[in-house]
Structures are given as C-alpha cells and as structure tokens.
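>>> Sharing a sequence plus its predicted fold:
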Amino acid sequence: MTLRRRLDRLAAKAPMPASERPTEVFLVGICAQTKEAVSAYGMNSGQSFERIDSETEVEFRERINRCGQAQVVLPDN
C-alpha cells in the first residue's frame, strides 16, 4: 500500500471538521400568546439564540440560519 493510499483511507475515516458539521437548531422557547419562536439552541455550536424585541420571527430564523448549515427542528408536542 502506498503512503498516499494509506493517507486517503485515514482521511476518509476521520471525523468531519466542526466547521463542516451541520448544526441542528432546536427552538426551545415559544411565546404563549403569539405561538412564535423566541429562543433557540444550536447543538453542535453550543450557541443559544434569543429573539430581539424588534425582530420578527422570520428575521429570527434567518439569523439562526446564518450561523452555518442550520436545520430548525420543531418539537412534536
């Protein structure tokens, strides 16, 4: 086995770098009156997001999505 082939095989087994991993964003806070998202948490990034008072829900979700490859996951209940 050549060194190049061995390096390629090892690289294929290496975990994906953190910068390339998709980030699942869980909406953890929903306003009781408006039923809109007000806070979220990014699992791989470890970031928490709070909605700013003047921000709409659409703007909030767009801001979350700018933090990488974000996927918003809504709870079933």
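Perfect, I can see it now.
>>> tally of neighbours for A11?
A11 has 8 neighbours, counted by other CB atoms under 10 Å. Any C-beta I mention is one placed from the backbone N, CA and C, and that applies to glycine too.
>>> Give me the distance between it and V38.
42 Å (CB to CB, to the nearest Å).
>>> and the end-to-end length of stretch 45-60?
17 Å (CA to CA, to the nearest Å).
>>> What is the distance between that stretch and the centre of its chain?
Relative to its parent chain, stretch 45-60 has a centroid offset of 13 Å by CA atoms, centre = their mean, to the nearest Å.
>>> What residues of that stretch count as buried?
Burial within stretch 45-60, assessed by neighbour count using 16 or more other CB atoms under 10 Å, is assigned to S45, F49, R51, F60.
>>> Not counting the helix or strand hosting R9 itself, show me its contacts.
Take DSSP states H and E as the rule and R9 turns out to sit in helix 3-13. Helix 3-13 has contacts (CB atoms under 8 Å, 6 or more residues apart in numbering) with no other residue.
>>> ok, whichever helix or strand V38 is part of: who's next to it in the sheet?
Per DSSP H and E: V38 is located in strand 37-42. Sheet pairing here is set by DSSP bridges, and for strand 37-42 it gives strand 23-30 (antiparallel), strand 48-50 (antiparallel).
>>> Quick check: next helix or strand after the last one?
I take that to be strand 48-50. helix 57-65.
>>> got a list of contacts for that following helix?
Here helix 57-65 has contacts from V25, E36, A37, V38, A40, G42, F49, R51, I52, E55, A70, V72, using CB under 8 Å, 6+ apart.
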